[in-house]
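Visitor: With the input below, show me the fold.
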Amino acid sequence: MRILIVEDDKAFRGNLRSFLTLEGFAVDETDNAKKGAQLAAENIYDVILLDIMMPGPEMMNPGRGGEWLLRSLRQARNNALIIMITGQAEDDDKLSAYAGGADDYLVKPFKLEELMAKIRAWLKRRHDFLSSDVSSTVLVVGDLRLNLLRRSAIRAGREIPLTIKECAILEYLMRSKGQIKSQTTILQHVSNVDFDGMSNTVEFHIKNLREKIDKDFSVKLIKTIRGSGYMIDDGSAPT
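Guide: Model prediction:
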């Protein structure tokens, strides 16, 4: 699952990123509202964590860029889970955030475990009520289902345990069904760390995923596109 952090406190943003990465999320981050709007337009996020007091467009109350971004996202029909993470504890700030479309509101300082509990509770609630689409917590390709909340896959009725990294790679490929993704692109998406371009990290996890979800089935879902990368497909796209 993918999270965007829009927060201008560098140290706090770094702590959030480290914590959420360890929890198995792919994390993007920025320190200003305008860049946050750009990232949200270019990518699909399950969760957006948003501070209120940060730089924003000069003509739109620049000290409250998070408030501008919140309303902009909802006006653009972005349906990501949006949780405000802010030092603004006044009732008027909370009411304004909820009126602008925020799903939840956490006042700093807070325990990261509390944030994680809120994220999982909200995503589970959405999963219970929404159909399986691009923002759902259950992804489907052919007879393979991936439950992002449980971090488990099911193929032909058989439950398949996955590591955090395997789940992240499989999720990325399933969300991009039929699209070729290079090793570099995959690693950048799921790792959020600097890496050596010659790393065999992705190859290692792809091999393990094949052992788990393809080995005992006649239809192989994970495809290697020689010289280009990998893709997942149920057999309807050319390989």
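
Visitor: Assign residue 208 to helix, strand or coil.
Guide: Assigned by DSSP: H, G, I helix; E, B strand; the rest coil, the conformation of residue 208 is helix.

Visitor: pLDDT wise, what is residue 136 at?
Guide: As predicted, residue 136 sits at a pLDDT of 58.

Visitor: Could you do residue 239 as well?
Guide: In this prediction residue 239 is given a pLDDT of 39.

Visitor: Kindly report the same for residue 35.
Guide: 91.

Visitor: Not counting sequence-adjacent ones, nearest residue to it?
Guide: Spatial nearest neighbour of residue 35, chain neighbours left out: residue 6 (7.9 Å); criterion: C-beta to C-beta, 6 or more residues apart in numbering. Quick note: C-beta positions are derived from backbone N, CA and C, even for glycine.

Visitor: wait, isn't the one you found in contact with residue 68?
Guide: No - when contacts are counted by C-beta atoms under 8 Å, residue 6 is not listed as touching residue 68 (11.0 Å).

Visitor: Mutual contacts of the two, please.
Guide: Taking C-beta atoms under 8 Å, 6 or more residues apart in numbering as the contact rule, residue 6 and residue 68 both touch residue 33.

Visitor: Looking only at neighbour counts, state which of these two leads.
Guide: Higher neighbour count among residue 6 and residue 68: residue 6, with 29 against 22, using other C-beta atoms under 10 Å.

Visitor: that's a strand at residue 106, yeah?
Guide: Yes - counting by three-state DSSP, residue 106 is located in a strand.

Visitor: Identify the bridge partners of it.
Guide: Per DSSP bridges, the residues bridged to residue 106 are residue 85.

Visitor: so where is the protein shaky, pLDDT-wise?
Guide: Along the chain, the parts satisfying pLDDT under 70 run over 56-63, 126-136, 191-200, 235-239.

Visitor: so residue 77, which of the three states?
Guide: Assignment for residue 77 (three-state DSSP): coil.

Visitor: That one - how many residues pack around it?
Guide: Neighbours of residue 77 (other C-beta under 10 Å): 6.

Visitor: Against residue 71, how distant is it?
Guide: Residue 77 sits 12 Å away from residue 71, going by C-beta to C-beta, to the nearest Å.

Visitor: Can you pull the domain assignment for this structure?
Guide: Listed by automatic domain parsing, the domain ranges of the chain are 2-129, 138-232.

Visitor: Now residue 225. Nearest residue, chain neighbours left out?
Guide: Take residue 225 and drop its neighbours on the chain: the residue closest to it by C-beta to C-beta, 6+ apart is residue 180, 4.9 Å away.

Visitor: is it true that that neighbour touches residue 230?
Guide: Yes - Residue 180 is in contact with residue 230 according to C-beta under 8 Å; the separation is 7.2 Å.

Visitor: Give me the more crowded residue out of the two.
Guide: residue 230 (24 against 16).

Visitor: Identify the residues contacting residue 177.
Guide: By C-beta under 8 Å, 6+ apart, the residues touching residue 177 are 141, 231, 232, 233, 234.

Visitor: Filter those residues down to the buried ones.
Guide: By neighbour count, with 16 or more other C-beta atoms under 10 Å, the contacts of residue 177 hold 141, 231, 232, 233 as buried.

Visitor: and which of those is nearest to residue 17?
Guide: residue 232 (26.9 Å; C-beta to C-beta).
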